[in-house]
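Colleague: Provided below are the primary sequence and the corresponding predicted coordinates.
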Amino acid sequence: MAETHVLFVEDDDVIREATQLALERDGFRVTAMPDGLSGLDAFRAQRPDIALLDVMLPGMDGVSLCRRIRDESTVPVIMLSARADSIDVVLGLEAGADDYVTKPFDGSVLMARIRAVLRRFGHAGGADERGDDAADGGGLLAFGDLEVDTEGMEVRKDGTPVALTPTEMRLLLEFSSAPGTVLSRDKLLERVWDYGWGGDTRVVDVHVQRLRAKIGQDRIETVRGFGYKLKG
């Protein structure tokens with residue numbers, strides 16, 4: 001199996017070099033860049049399997065870089081933020097990032113997040129297990145004007161294809177496997193993001209917001225104090 005190619009964009013020389021070495025020791029191929037503009041050039045030239053982007057970057061900040069990458073690709077993106085409570089976290093997720101890790105980070109935590117994201121995207125872990133589970137009930141599910149093809153991994157609204165990232169697709173599969181059932185944020189973190197421990201539920205909230213924008217604002221209902229459910 002080919003090495004997983006990581007694009008790592010970080011302006012701090014010490015963090016960039018130490019993290020690159022750690023990733024390479026763990027079997028990844030790494031392209032490391034010191035600023036957003038060179039990171040975008042590297043992304044376009046090399047098409048990596050995953051991108052790790054620091055939020056604070058010279059030339060082009062990480063949020064803008066994430067947005068540019070997402071305009072061109074569904075490649076998984078993890079943001080690196082110095083402050084867990086920063087608005088930068090939400091901005092990064094709204095720009096299309098799939099997850100984030102707070103700096104300073106433990107190497108094992110970063111590796112776990114990378115591998116969890118790659119599993120969702122079909123890298124380094126084989127078939128999409130949750131996708132297979134969701135498909136057990138049949139290939140085509142209909143919810144009003146929304147159709148979810150769980151075998152072809154396609155979504156249509158009013159007959160028009162809807163472009164979803166793999167994380168958004170997994171989130172929709174989770175909802176569509178149990179329409180009308182309230183799913184807590186913690187359960188969604190566990191099933192969609194592979195968090196075996198407590199995580200930041202803002203990741204769920206922002207992805208639900210992005211999913212609603214694509215499939216219809218009223219399709220996913222908020223049940224205050226409990227979570228979300230898909231209207232059947």
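Modeller: Perfect, thanks for sending it.

Colleague: this protein: strands as residue ranges?
Modeller: 5-9, 29-33, 50-54, 77-81, 99-102, 140-143, 146-149, 154-157, 160-161, 220-223, 227-230 (DSSP state E).

Colleague: of all these, which one is nearest Arg16?
Modeller: strand 29-33 (5.2 Å; CB to CB). Just so you know, the C-beta spots here come from the backbone N, C-alpha and C atoms, and that holds for glycine as well.

Colleague: what is the closest one packed up against?
Modeller: With contacts defined as 3 or more CB pairs under 8 Å, 6 or more residues apart in numbering; DSSP states H and E, the packing partners of strand 29-33 are strand 5-9, helix 13-25, helix 36-46.

Colleague: next one: the closest residue to Asp99 other than its chain neighbours from Lys103, what distance?
Modeller: Once flanking residues are discounted, Asp99 sits nearest to Ile78: 5.0 Å by CB to CB, 6 or more residues apart in numbering. Separation of Ile78 from Lys103 (CB to CB, to the nearest Å): 12 Å.

Colleague: could you do Arg156 as well?
Modeller: Distance from Arg156 to Lys103, by CB to CB: 40 Å.

Colleague: just send the strands of the chain back as CSV, with mean pLDDT and distance to Ala42 too.
Modeller: Below are the strands of the chain laid out as CSV (pLDDT from 0 to 100; distance: least, CB to CB, whole Å):
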stretch, mean pLDDT, distance to Ala42
strand 5-9, 97, 6
strand 29-33, 97, 5
strand 50-54, 96, 9
strand 77-81, 93, 14
strand 99-102, 90, 20
strand 140-143, 88, 39
strand 146-149, 92, 34
strand 154-157, 93, 31
strand 160-161, 92, 30
strand 220-223, 95, 36
strand 227-230, 95, 37
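
Colleague: of these, which is nearest Val204?
Modeller: Nearest of the strands of the chain to Val204, taken as CB to CB: strand 227-230 at 8.0 Å.

Colleague: which elements pack onto the closest one?
Modeller: Checking 3+ CB pairs under 8 Å, 6+ apart, strand 227-230 ends up next to helix 166-176, helix 185-192, strand 220-223.

Colleague: cutoff 6 Å now
Modeller: Counting contacts by 3 or more CB pairs under 6 Å, 6 or more residues apart in numbering; DSSP states H and E, strand 227-230 packs against strand 220-223.

Colleague: in the strand it packs on, what's buried?
Modeller: If you call a residue buried by 16 or more other CB atoms under 10 Å, then strand 220-223 has these buried ones: Ile220.

Colleague: so how far is that strand from its chain's centroid?
Modeller: The chain centre lies 21 Å from the centre of strand 220-223; the measure is CA atoms, centre = their mean, to the nearest Å.
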